[in-house]
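K.L.:
Provided below are the primary sequence and the corresponding predicted coordinates.
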Amino acid sequence: MTTLTKTEDAPAPTGPESFLSVRDLRVQFSTEDGIVKAVDGLSFDIERGKTLGIVGESGSGKSVTNLTILGLHNPRTTTVDGEIVLDGQELVTATDKELEKLRGNKMAMIFQDPLTAMSPYYTVGRQLSEPYMKHMGASKKEAKDRAVQMLEKVGIPQPKVRFDDYPHQFSGGMRQRAMIAMALMCDPELLIADEPTTALDVTVQAQILDLLKDLQQEFGSAIIFITHDLGVIANMADDLLVMYAGRAVERGSVKEVLGTPQHPYTWGLLSSMPRLDGDIDTPLTPIPGTPPSLLNPPSGCRFNPRCAHTDKVAGGLCTSTRPPLADGRAAACHLTAEQKQAVFIDEIKPRLR
Ligand code: ADP
Ligand code: MG
């Protein structure tokens with residue numbers, strides 16, 4: 001079988017400078033009710049070959065951020081500010097044509113819901129092979145061979161036969177796997193996986209995660225992995241970004257953020273999620289309150305109405321001033337480093353254990 005290699009002239013993976021750099025990203029939607037400030041000054045970086053996990057409650061802006069990177073937003077109702085630079089190319093100002101060329105080839109996304117990515121009117125095989133022919137200059141036969149191989153890799157039985165099925169002839173779990181195959185067809189250098197395995201059983205999930213790791217090993221791809229599953233994060237990601245109400249509140253290596261979390265929201269999130277070690281004796285504590293409306297978010301720190309620690313901060317800073325997120329390992333919180341450490345050791349750690 002012919003295996004097409006990725007564009008021969010692609011530069012070799014370089015040193016630790018970032019492959020994707022997002023700077024001060026702001027995404028706002030005009031709606032009948034007003035302006036939804038869905039992403040508000042978000043910055044992060046990913047190097048080639050690395051995986052960035054993103055966690056945060058539903059509505060925190062994870063999907064919007066990643067759809068914006070791919071340029072999949074409605075320009076008539078969406079305002080995007082800031083910078084998104086992928087391998088030297090600025091994406092916020094890129095044309096539709098440029099973005100289209102990058103999508104499916106240089107960058108691809110695995111969506112939460114396969115029906116958003118697949119058309120009901122074309123066979124699964126056609127949807128896998130056409131972009132491959134277009135982006136890689138492959139023949140029909142080469143593209144079919146590749147598609148069948150990918151369907152097999154994601155665990156679709158009788159892939160040659162299923163190649164000619166329409167998406168509705170697949171079960172939900174099979175559709176999810178077919179969409180993952182579709183995203184991996186062109187060996188994307190940036191892969192965005194938005195809760196990709198949530199609907200799949202544990203065995204298939206493990207296969208898919210292995211497949212993503214293989215892709216990364218072989219092509220040095222960067223992966224953004226959005227999930228609620230801390231076990232998956234611990235297993236897959238190098239770095240972790242915690243998002244709350246459209247902002248990054250904490251960042252660091254997975255080990256740092258899960259081992260010694262520094263932001264009150266991260267404390268709440270970890271206390272409310274099942275333990276990594278499967279300990280079911282420690283009760284889960286939900287974070288009190290609900291995420292704010294993004295039409296009219298709280299001033300200062302957006303987490304302040306739900307935070308148990310604002311009384312430790314003098315001068316009403318929590319409600320007046322946005323806490324900055326420093327570079328590298330950081331938490332955007334007005335508590336001093338000593339206070340964070342003390343609260344973590346005295347109050348949080350015993351609850352997580
Ligand atoms: P999640 O972190 O769960 O992926 P999203 O990124 O999907 O959250 O959504 C972030 C916020 O933006 C939510 O409040 C959502 O309701 C809002 N939002 C997303 N898309 C649109 C849109 N097209 N128009 C208006 N509001 C939107
Ligand atoms: Mg989402």
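P.N.:
Received, thanks. Numbering: from 1, shown residues only. Ligands and ions are numbered 1, 2, ... in the order given.

K.L.:
what's the helix or strand hosting Leu42 in contact with?
P.N.:
Using DSSP states H and E, Leu42 maps to strand 34-46. With C-beta atoms under 8 Å, 6 or more residues apart in numbering as the contact definition, strand 34-46 has outside contacts at 18-29, 52, 61, 64-65, 68, 82, 190, 222, 224, 239, 241, 243, 245-248, 251, 294-297, 302, 322, 325. Glycine gets a C-beta too; all of them are placed from N, C-alpha and C.

K.L.:
which SS class is Gly59?
P.N.:
Counting by DSSP: H, G, I helix; E, B strand; the rest coil, the backbone at Gly59 sits in coil.

K.L.:
for it, phi and psi?
P.N.:
In this entry, Gly59 is assigned phi and psi values of phi 90, psi 10 (degrees, to the nearest 10).

K.L.:
go on, Phe111?
P.N.:
Dihedral angles (degrees, to the nearest 10) for Phe111: phi -90, psi 160.

K.L.:
so it makes contact with Ile192?
P.N.:
No. Here Phe111 lies out of contact with Ile192, judged by C-beta atoms under 8 Å, at a distance of 9.1 Å.

K.L.:
which one of the two has more residues nearby?
P.N.:
Ile192 (26 against 22; other C-beta atoms under 10 Å).

K.L.:
where along this structure do the strands fall?
P.N.:
Across the chain, reading from the start of the chain, the strands by DSSP state E fall at 20-31, 34-46, 51-55, 78-86, 89-90, 107-110, 190-194, 222-226, 239-244, 247-253, 330-331.

K.L.:
what pLDDT, on average, does the fifth one get?
P.N.:
Per-residue pLDDT over strand 89-90 has a mean of 96.

K.L.:
what do you get for the second one?
P.N.:
The average pLDDT within strand 34-46 is 97.

K.L.:
now swap in the fourth one and tell me
P.N.:
Model confidence over strand 78-86 averages 97 on the pLDDT scale.

K.L.:
any residue of that strand touching ligand 1?
P.N.:
No. Using C-beta under 6 Å from any ligand atom as the criterion, no contacts between strand 78-86 and ligand 1 are found, and the smallest distance is 6.9 Å.

K.L.:
listing partners with orientation, what would you give for that strand?
P.N.:
Its sheet considered, strand 78-86 pairs with strand 20-31 (antiparallel), strand 89-90 (antiparallel) by DSSP bridges.

K.L.:
off-centre distance for the longest one?
P.N.:
Read it as strand 20-31. The chain centre lies 15 Å from the centre of strand 20-31; the measure is C-alpha atoms, centre = their mean, to the nearest Å.

K.L.:
now that strand against strand 51-55, angle please.
P.N.:
Orientation check (axes from the mean of the first three to the mean of the last three C-alpha atoms, to 10 degrees): strand 20-31 against strand 51-55 gives 30 degrees.

K.L.:
and strand 20-31, average pLDDT?
P.N.:
Per-residue pLDDT values across strand 20-31 average out to 97.

K.L.:
lowest mean pLDDT among the helices and strands of this structure, which one is it?
P.N.:
helix 114-117 (a mean of 81; mean pLDDT, DSSP states H and E).

K.L.:
helices and strands around that helix, which ones?
P.N.:
In this structure, helix 114-117 packs against helix 172-184, with contacts taken as 3 or more C-beta pairs under 8 Å, 6 or more residues apart in numbering; DSSP states H and E.

K.L.:
which of the strands paired with strand 78-86 has the highest mean neighbour count?
P.N.:
Using mean count of other C-beta atoms under 10 Å, the stretch among the strands paired with strand 78-86 with the largest mean neighbour count is strand 20-31, at a mean of 18.

K.L.:
hmm, back to that, of the contacts of strand 34-46, grab the buried ones for PyMOL.
P.N.:
Filtering the contacts of strand 34-46 down to the buried ones (16 or more other C-beta atoms under 10 Å) takes a single PyMOL command:
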select buried, resi 18+19+20+21+22+25+26+27+28+29+52+61+64+65+68+82+190+222+224+239+241+243+245+246+247+248+251+294+297+302+322+325
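
K.L.:
looking at the stretch 201-350 of the chain, what residue ends up closest to ligand 1?
P.N.:
Residue nearest to ligand 1 within the stretch 201-350 of the chain: Leu294 (4.7 Å; C-beta to the nearest ligand atom).

K.L.:
surely that residue is in contact with Tyr244?
P.N.:
No. In this structure Leu294 lies outside contact range of Tyr244 using C-beta under 8 Å: 11.2 Å.

K.L.:
before we move on, the earlier item: in CSV: the strands of the chain, plus distance to Gln339.
P.N.:
Output for the strands of the chain, formatted as CSV (distance: least, C-beta to C-beta, whole Å):
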stretch, distance to Gln339
strand 20-31, 27
strand 34-46, 24
strand 51-55, 23
strand 78-86, 31
strand 89-90, 39
strand 107-110, 39
strand 190-194, 35
strand 222-226, 30
strand 239-244, 18
strand 247-253, 15
strand 330-331, 11
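
K.L.:
I'd like those strands laid out as JSON lines, including distance to ligand 2.
P.N.:
As requested, the strands of the chain are exported to JSON lines (distance: least, C-beta to the ion, whole Å):
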{"stretch": "strand 20-31", "distance to ligand 2": "13"}
{"stretch": "strand 34-46", "distance to ligand 2": "11"}
{"stretch": "strand 51-55", "distance to ligand 2": "10"}
{"stretch": "strand 78-86", "distance to ligand 2": "16"}
{"stretch": "strand 89-90", "distance to ligand 2": "25"}
{"stretch": "strand 107-110", "distance to ligand 2": "11"}
{"stretch": "strand 190-194", "distance to ligand 2": "6"}
{"stretch": "strand 222-226", "distance to ligand 2": "7"}
{"stretch": "strand 239-244", "distance to ligand 2": "10"}
{"stretch": "strand 247-253", "distance to ligand 2": "16"}
{"stretch": "strand 330-331", "distance to ligand 2": "23"}
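
K.L.:
that's all I had, so thanks and see you.
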